[in-house]
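1. Structure for the following, please:
(chains A and B)
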Amino acid sequence: MGGLLLIAVVLITMVNVAGFSANAGARLFGATVPGLPGYEDAVTLLIGVAGLCMFPYCQLTGGHAAVDVLMRMAPERIQRGMHVGSTVLVAAIAFALAVMMVYGLQEARSDRTVTAVLDWPVWVFMIPGAISCALWSVAALLSIGVEMSE
Amino acid sequence: MERELVGLIGLLGLFVLILLRIPVALAMLATGVVGSWVLSLVSPVVKFGPYLLQFKSALWNSVANYDLSVVPLFVLMGFLAAEAGLSRDLFQGMSVLTRRLKGGIAMATITACAGFGAVSGSSIATASTMSRVSLPEFKRFRYDDGFATGVLAAGGTLGILIPPSVALVIYAIVVEGSIIEMFQAAILPGLIAVAFFLFVIWLRLRLNPALAPETPNIAPRERREALRRLIPVVVIFGSIILGLGIGLFTPTPAAAVGVFMILVYGIARGMRGGEGVGWAQLHAAFLSTARTAGMIYFILFSADILKGFFARSGLPIALSDWAAGSGLDPYTILIAMLVILIVLGCFMESLSMILVIVPFFWPVLIDLNGGDYATASSAAFGMDSEDLKIWFGILALVVVELGLITPPVGLNVFVIKSFTPETSITTIFRGVLPFFGIELVRIALILAFPALCLFMPGLL
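-> So this is what the prediction gives:
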């Protein structure tokens, strides 16, 4: 879904760039062609959702950068213990962030927070964000399960 | 002093957690939250309850940020370019052009790394992608293992500096500078790196021709085909760099246009039956993007939380006050900062390093220079704070780059090693050493002649 949203951003941008390019040409004849109104609003919200959609997959595939200089020399059991411990912590944090984001979206809804130009309600876009955080927590737990079963 | 001490202990704790192989973003987040809690115990002015409330929107605000929207798009552009076979086309085209030169494959690798670095924006991605493409050629033509892997490790470092680069975007955001000016400033130092690396190759082969045997000529038809395939790559990569350089695009549209052009070219090529972009390649690029961009966003979010903790602790201000009152020469302090960055760059991921360390160094430099409003004539470094931002940014990225190939733990070296398990780490480091040496010369040049960074933003 994150990838498809990025493609949506690409397409919106192309329309916007085409608008600006057409405007440059049209100005020679005294005419104007507008770019997409609220382009930055749309990109910001779509990227927000796309970015958060990427967290669960990144967790599931062990994509988070870690420094493997010292622990490489530690016994296998300690290495595994540290990894499981840190993943449990990620699961807890992701869950807490999901809960906090639900509070955040409720607040944004009650405050009627909207984007500057398009007037789109921000809380609607935070819903997939909160779901992604919950899935991120599940992904962390799943990766622990896989590690324990090995 | 108690708050600053908590900040300092937090900083040391952060490095301990990182060394214990806790994911960097998690270590930053944990340090930020725990440190803020400890601060609230030490100083009654700092409340922990209100601090926690920021988490209702902190993650959303970190990710839903227009300035940062360029990050996943650049990442996608790099992966799509690799999936579409553009990295292979670039390397093969360059190797045809350099075929008659001694060490042509090595020279093609450096120039292709520079080209691919422009679209991938990441040193590790550049090193791994170009390893896949050029290592088989090095082996086919029996290049010396140390020489070949050294060229690849050094070439890979170009990804972080050749604009557009994700690291430049992040640095500009950290110091509240102009992303476009950072891109423009990186052009000359990037080109100098390419020229220096080519010089090292030439010099090494002059001293020891056995490192690279003669490469046989290729058939004219094959040559024409490789050059024909190079043209779209040059057009796509060139228009992104040029568009950004002359200010035709801002970063997000540039990245989006880049993705679009690569996608259209890749699909068209795939439909003609050759290597190109189909659903499988698009899917693979999406997944790789999700993995990389997810990591970057988690680091960015955690860095925000960590930054809040350090700001509350007052450590950055205490550090800059100490530096300003120490009586040490500003250049001595600057060089010490660069050395710290090189050492940390050996094992820390470049973005995390920029996000953790630069917020400490930047206020110190500003104070040393004479404050935010220092003019070029009165400033310690002979430039105002806007120019200092650019100059220090390029210096910082160049030394981070150097850390990637610094023995004994340069990350790029380990990336190359994973593609050629039979080559020992010692052999790769031996091959890297001459490039390490020339990088030190480049740093000295940039230190001595800030105009190398400041000329292009002034011109464009």
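
2. I'd like the next helix or strand past the lengthiest helix in chain A.
-> Longest helix in chain A, counting residues (DSSP state H): helix A:76-110. The helix or strand immediately downstream of helix A:76-110 is helix A:122-149, counting by DSSP states H and E.

3. what comes up buried for that following helix?
-> A:122-123, A:125-126, A:128-144 (16 or more other C-beta atoms under 10 Å in any protein chain shown). No exception for glycine: its C-beta is placed from N, CA and C like everyone else's.

4. Could you check the angle that helix makes with helix A:76-110?
-> Using axes from the mean of the first three to the mean of the last three C-alpha atoms, to 10 degrees, the direction of helix A:122-149 lies 160 degrees away from that of helix A:76-110.

5. Might you enumerate the residues of the stretch 1-150 of chain B proximal to chain A?
-> Residues of the stretch 1-150 of chain B that fall close to chain A, judged by C-beta under 8 Å from any C-beta of the partner chain: B:18-26, B:29-30, B:55-57, B:59-60, B:63-66, B:68-69, B:72-73, B:76.

6. what about the closest residue to residue B:63 other than its chain neighbours, neighbour count?
-> With sequence-adjacent residues excluded and distances taken as C-beta to C-beta, 6 or more residues apart in numbering or on different chains, residue B:63 is closest to residue A:51, at 3.8 Å. Counted with other C-beta atoms under 10 Å in any protein chain shown, the neighbours of residue A:51 add up to 32.

7. Restricting the selection to alpha carbons, write the helix or strand where residue B:129 lies to PDB.
-> Following DSSP H and E, one finds residue B:129 within helix B:123-140. What follows is helix B:123-140, C-alpha atoms only, in PDB (Å, rounded to 0.1, in the frame of the first residue of the first chain):
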ATOM      1  CA  SER B 123      26.500   4.900   0.000                       C
ATOM      2  CA  ILE B 124      25.600   1.400   1.100                       C
ATOM      3  CA  ALA B 125      22.900   1.100  -1.600                       C
ATOM      4  CA  THR B 126      25.500   2.300  -4.200                       C
ATOM      5  CA  ALA B 127      28.200  -0.100  -3.000                       C
ATOM      6  CA  SER B 128      25.800  -3.100  -3.000                       C
ATOM      7  CA  THR B 129      24.200  -2.300  -6.300                       C
ATOM      8  CA  MET B 130      27.500  -1.700  -8.100                       C
ATOM      9  CA  SER B 131      29.100  -4.700  -6.500                       C
ATOM     10  CA  ARG B 132      26.400  -6.900  -8.100                       C
ATOM     11  CA  VAL B 133      27.100  -5.300 -11.500                       C
ATOM     12  CA  SER B 134      30.900  -4.800 -11.600                       C
ATOM     13  CA  LEU B 135      32.400  -7.600  -9.400                       C
ATOM     14  CA  PRO B 136      31.700 -10.300 -12.000                       C
ATOM     15  CA  GLU B 137      33.500  -8.100 -14.600                       C
ATOM     16  CA  PHE B 138      36.500  -7.600 -12.300                       C
ATOM     17  CA  LYS B 139      36.700 -11.300 -11.800                       C
ATOM     18  CA  ARG B 140      36.200 -12.100 -15.500                       C
END
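
8. Can you list the buried residues in that helix?
-> Buried, per 16+ other C-beta under 10 Å, within helix B:123-140: B:123-131, B:133-135, B:137-138.

9. Briefly note if the helix or strand that contains residue B:362 comes near chain A.
-> Assigned by DSSP H and E, residue B:362 falls within helix B:350-369. Yes - part of helix B:350-369 sits near chain A under the criterion C-beta under 8 Å from any C-beta, namely residue B:352.

10. How much space separates the nearest residue to residue B:96 once chain neighbours are set aside from residue B:413?
-> Closest residue to residue B:96 apart from its sequence neighbours, by C-beta to C-beta, 6+ apart: residue B:226 at 4.3 Å. Between residue B:226 and residue B:413 the distance is 30 Å, computed by C-beta to C-beta, to the nearest Å.

11. now residue A:131
-> Separation of residue A:131 from residue B:413 (C-beta to C-beta): 40 Å.

12. ditto for residue B:449
-> Counting by C-beta to C-beta, the gap from residue B:449 to residue B:413 is 29 Å.

13. can you pull the buried residues of the helix or strand hosting residue B:232?
-> Using DSSP H and E, residue B:232 sits within helix B:220-245. Going by neighbour count (16+ other C-beta under 10 Å), the buried part of helix B:220-245 is B:223, B:226, B:229-230, B:232-233, B:236-237, B:239-241, B:243-245.

14. which is the next helix or strand following that helix?
-> From helix B:220-245, the next helix or strand downstream (DSSP H and E) is helix B:251-271.

15. Spatially nearest residue to residue 128 (excluding sequence neighbours)?
-> You didn't pick a chain, so chain A it is. Distances taken as C-beta to C-beta, 6+ apart put residue A:49 closest to residue A:128, at 5.0 Å, once the chain neighbours are dropped.

16. you looked at the wrong chain, it should be chain B
-> Nearest to residue B:128 is residue B:415, by C-beta to C-beta, 6+ apart, at 5.3 Å.
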